[in-house]
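A.B. asks: The sequence and its predicted three-dimensional model are supplied below.
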Amino acid sequence: MADRFSIIQEVQKFLTEAKELYFHGTSSNLAKNILSQGFTPDPKQKVWSQDKGHLASFVGSYFTQNVVTAISSASGAVKKFGGDCAIFFVQLETRTGLYDEDDITDVSYQVSQAYKDTVSRNNFVPSIARGLLKSDKYKSVVDLAITKWVSYYNKYDRGEYQQKLAGPALSRLEPLLRKWIETYILELSKVKDDFDSERFSAYPNANPAMRKAVNNVMNAMRGEVSRREKKPDSLHLGGLNIRIDSPIGFRGSNRILGLVTYPSDFRKDYNNDDDYVPFTVHYGEVPKKFLAAWENRMGYRYKLIKK
Ligand SMILES: NC(=O)c1ccc[n+]([C@@H]2O[C@H](COP(=O)([O-])OP(=O)(O)OC[C@H]3O[C@@H](n4cnc5c(N)ncnc54)[C@H](O)[C@@H]3O)[C@@H](O)[C@H]2O)c1
């Protein structure tokens, strides 16, 4: 009986889990610490920290299935922290994940369109926001912006063959989406009618109230990222990134599988057909998927060097 029970448990686990391989690019100077204590959701030193305003990362570690994103993140981390480029290979249970906030359509598009379909988000200036707050059109514009956001999400992010965001999932999300949209209109209305207004509509996440509203929506959409359509060859890269806001070590469904480093200036030393990029393997295995993606997207030959 016990055996049958454990088989059922295994099958249930198989059916409910969605484990996938992801990459994380960083600097070898931070990788040392990650190898000893795992990924921490709010590390002391960040590549994209508060000094980058709207670009400051949210709480969590970011992973990608796009090799180019991992490689450019590693180069960015080396620019700030020195060392070599480091790529971690990580297995993730995608249903525990959150969206990378950059991959979600900002409500500013939908608000300007809901206000008037001839108004772009750059023309939805603070004076319009102030007028709208006092107008009896306010509620209907907010309602329409919610509908537009959800239909955009269902069409472009969920993809053709996926079950759409609807029913209880949508009812849970709706009040938070409303708050995000209302916060956008309110915070924009406080901005002066000059350069700042354009800056606000282009970079709304620089505003603390906006960051909070966006974060609440992202948290309510936990797990949604696993149902997002992936389009590896398109410019729409959203489905390839994920954010995990719990620690990740070397055991369990979210776990580190391997680490390689390579020189950040590898292009400089690569001059002829005999050259290769030395990948030093510090931990675990280098997945074939990574090597194939590297060859396909980067075109530089490599050699694996066991440490
Ligand atoms: N790094 C990637 O491969 C990756 C993947 C997808 C998306 N992104 C995008 O890049 C942006 C920034 O990503 P980021 O990864 O640079 O995050 P970040 O700016 O939040 O920087 C955090 C840094 O801390 C490091 N770190 C994590 N745990 C640590 C620990 N225990 N000890 C020491 N260092 C630790 C990470 O490697 C990372 O370099 C994100 O907003 C996202 O849009 C990056």
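C.D. replies: Right, received. Where do you want to start?
A.B. asks: helices or strands up against the helix or strand containing V78?
C.D. replies: Element membership of V78 [criterion: DSSP states H and E] is helix 67-81. With contacts defined as 3 or more C-beta pairs under 8 Å, 6 or more residues apart in numbering; DSSP states H and E, helix 67-81 has these neighbours: strand 19-27, helix 28-37, strand 61-64, strand 85-93, helix 288-298. C-betas here are computed from N, CA, C, even on glycine.
A.B. asks: So for stretch 279-291, mean pLDDT?
C.D. replies: Stretch 279-291 carries an average pLDDT of 96.
A.B. asks: Check stretch 142-152 too.
C.D. replies: The pLDDT scores in stretch 142-152 average 95.
A.B. asks: List the contacts of it.
C.D. replies: Applying C-beta atoms under 8 Å, 6 or more residues apart in numbering, the contact partners of stretch 142-152 are 105, 107, 109-111, 113-114, 165, 170, 174, 177-178, 181-182, 185.
A.B. asks: Contact partners for the residue in the stretch 151-300 of the chain that the ligand sits nearest to?
C.D. replies: For the stretch 151-300 of the chain, the residue closest to the ligand is N241, as judged by C-beta to the nearest ligand atom, at 4.2 Å. Listed by C-beta under 8 Å, 6+ apart, the contact set of N241 reads Y62, F63, T64, Q65, N66, T69, Y99, D100, D102, D103.
A.B. asks: Lowest mean pLDDT across the helices and strands packed on helix 67-81, which one is that?
C.D. replies: helix 288-298 has the lowest average pLDDT among the helices and strands packed on helix 67-81, namely a mean of 92.
A.B. asks: And the closest residue to E160 other than its chain neighbours, how close does it get to F266?
C.D. replies: With C-beta to C-beta, 6 or more residues apart in numbering as the criterion, E160 has its nearest non-adjacent residue at 7.6 Å, and that residue is E229. Distance of E229 to F266, computed by C-beta to C-beta, to the nearest Å: 33 Å.
A.B. asks: more neighbours, these two?
C.D. replies: When neighbours are counted by other C-beta atoms under 10 Å, E229 and F266 differ, and F266 comes out ahead with 18 against 15.
A.B. asks: Return the set of residues that bridge with the spatially closest residue to that one that is not a sequence neighbour.
C.D. replies: Leaving out its chain neighbours, the residue that sits closest to F266 by C-beta to C-beta, 6+ apart is V277, at 4.6 Å. Per DSSP bridges, the residues bridged to V277 are Y302.
A.B. asks: Distance-wise, check V277 relative to G25.
C.D. replies: 14 Å.
A.B. asks: More neighbours: those two, which one.
C.D. replies: Legend: neighbour count by other C-beta under 10 Å for V277 and G25, higher for G25 (24 against 17).
A.B. asks: can you tell me if stretch 77-84 touches the ligand.
C.D. replies: Yes. Counting by C-beta under 6 Å from any ligand atom, contacts between stretch 77-84 and the ligand involve A77.
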